[in-house]
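Participant: Output the structure for:
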Amino acid sequence: MPVTATGLHYRLDNSTAAQDPPGRPVLLQHGIGVHGAVWDAWIPALAAGRPVIRPDMRGWGQSPVPPENHDWTMAELVSDLWQVADAAGEGTDTGPIHLFGESFGGTIVLAAALARPERTASVTISNASFRGHGVGEFHNWPAQFTDGVDQWSLRMMANRFAPDALDQDQWDRFHRMQSATRPHVAIGLGRLLAGLDLGPRLDHLQCPLSVVLPDASPFVPVSLWSDLAARLDNIRLRVVPGVRHGLPFSHAVPESEILADALTRLDQAGA
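Facilitator: Got it, this is the predicted structure:
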């Protein structure tokens, strides 16, 4: 597994040897509770057409875990994302790339696109917010870890997935991954998001933005995006019915195929 100069781990999947030229790379940014391996089911559809970069965000997976008194900033997380993209680019492409993020990872890729428009071909986010105000359950986020991380993960599983959304093996794997969360990391990121608002800056986003939302997330209501999508011409909003906050994982295969098709169209159009 490759590592950046500062110790950030990432995966680079590339099955495009027979494709000339391959599509632009896409970076998949996970959110709170998981790491880069959570995208495994997305790789068959995406890596057949382009390199896929999957970071382990700072504090998750095999990347370094900051101390409990760490001062979390969006600037640091954005810097981490572009550091991984640039390191992976040694073997792929140093031009514009596509960014995809889920939940808090979606907020990160929005901020990354605003920070480096020349490196961003498009942004797609799933079950993610552009601000902390209006995100559900943040009023008692730290208290959710009082009974331990395993109990927090069980509550999150109910928030993410309807009872029949995953088979037992998938449920067990996701819960096991999520239960490895360090509470101080999740709490620190939650506090960072709570005070964040990228909305006023989205008028200046220069690339296409696609927003995919479940209709039943307890965290990110559709109304959080609908007014903004009606006002800004570059936002495409798609709502998936009957799904909770774990949309990218309960619907990994169809969502990855939709993303692969959309990115191919953007590449062909020269976006």
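
Participant: Any stretches of this protein with poor pLDDT?
Facilitator: Within the chain, the stretches with pLDDT under 70 are 16-20, 90-94, 139, 271.

Participant: elements contacting the biggest helix by length in it?
Facilitator: Using DSSP state H, we find that the single longest helix of the chain is helix 252-269. In terms of contacts (3 or more Cβ pairs under 8 Å, 6 or more residues apart in numbering; DSSP states H and E), helix 252-269 is packed against helix 43-47, strand 97-102, strand 120-126. Just so you know, the C-beta spots here come from the backbone N, C-alpha and C atoms, and that holds for glycine as well.

Participant: Now do the buried residues in the first one.
Facilitator: Neighbour-count burial for helix 43-47, counted by 16 or more other Cβ atoms under 10 Å, picks out 43, 45-47.

Participant: can you confirm residue 75 is in a helix?
Facilitator: Yes - assessed with DSSP: H, G, I helix; E, B strand; the rest coil, residue 75 lies in a helix.

Participant: Is the residue lying closest to residue 1 once chain neighbours are set aside bridged to anything, and to what?
Facilitator: Excluding the flanking residues, the one nearest residue 1 by Cβ to Cβ, 6 or more residues apart in numbering is residue 9, at 5.3 Å. Residues in a beta bridge with residue 9, per DSSP bridges, are residue 3.

Participant: doesn't residue 58 make contact with residue 9?
Facilitator: No - using Cβ atoms under 8 Å, residue 9 is not in contact with residue 58, being 10.0 Å away.

Participant: hey, which of the helices and strands packed on helix 252-269 is tucked in deepest?
Facilitator: Mean neighbour count (mean count of other Cβ atoms under 10 Å) peaks for strand 97-102 among these, with a mean of 27.

Participant: Just checking: what are the partner strands of the helix or strand hosting residue 27?
Facilitator: Assignment of secondary structure by DSSP states H and E places residue 27 within strand 26-29. Paired neighbours of strand 26-29 in the sheet (DSSP bridges): strand 52-55 (parallel), strand 97-102 (parallel).

Participant: Toward the C-terminus, what is the element adjacent to the helix or strand hosting residue 189?
Facilitator: Per DSSP H and E: residue 189 is located in helix 183-194. Per DSSP H and E, the first helix or strand lying C-terminal to helix 183-194 is strand 209-214.

Participant: other SSEs contacting that following strand?
Facilitator: Secondary-structure packing of strand 209-214 (3+ Cβ pairs under 8 Å, 6+ apart): strand 120-126, helix 223-231, strand 235-240, helix 247-250.

Participant: can I get the ones you listed in CSV with distance to residue 183?
Facilitator: Putting these into CSV (distance: least, Cβ to Cβ, whole Å) gives the following:
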stretch, distance to residue 183
strand 120-126, 25
helix 223-231, 26
strand 235-240, 30
helix 247-250, 22
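
Participant: Show me the contact partners of the helix holding residue 189.
Facilitator: Here helix 183-194 makes contact (Cβ atoms under 8 Å, 6 or more residues apart in numbering) with 32-33, 59-60, 65-66, 68, 70, 72-74, 104, 107, 129, 132-133, 135, 138, 141-142, 145, 149, 152.

Participant: hmm, try it at 6 Å
Facilitator: 32, 59, 68, 72, 104, 132, 138, 141-142, 145, 149 (Cβ atoms under 6 Å, 6 or more residues apart in numbering).

Participant: swap in stretch 117-127?
Facilitator: Outside stretch 117-127, the residues touching it (Cβ under 6 Å, 6+ apart) are 24, 96-103, 106, 109, 113, 206-212, 214, 217, 220, 245, 247-248, 266.

Participant: Give me the distance from that stretch to the chain's centre.
Facilitator: Centre-to-centre, stretch 117-127 and its host chain are 11 Å apart (Cα atoms, centre = their mean, to the nearest Å).

Participant: need the contact list for the most centrally placed residue in the chain.
Facilitator: Centroid check for the chain by Cα atoms, centre = their mean gives residue 101 as the closest residue, at 2.3 Å. Going by Cβ under 6 Å, 6+ apart, residue 101 touches 29, 108-109, 125.
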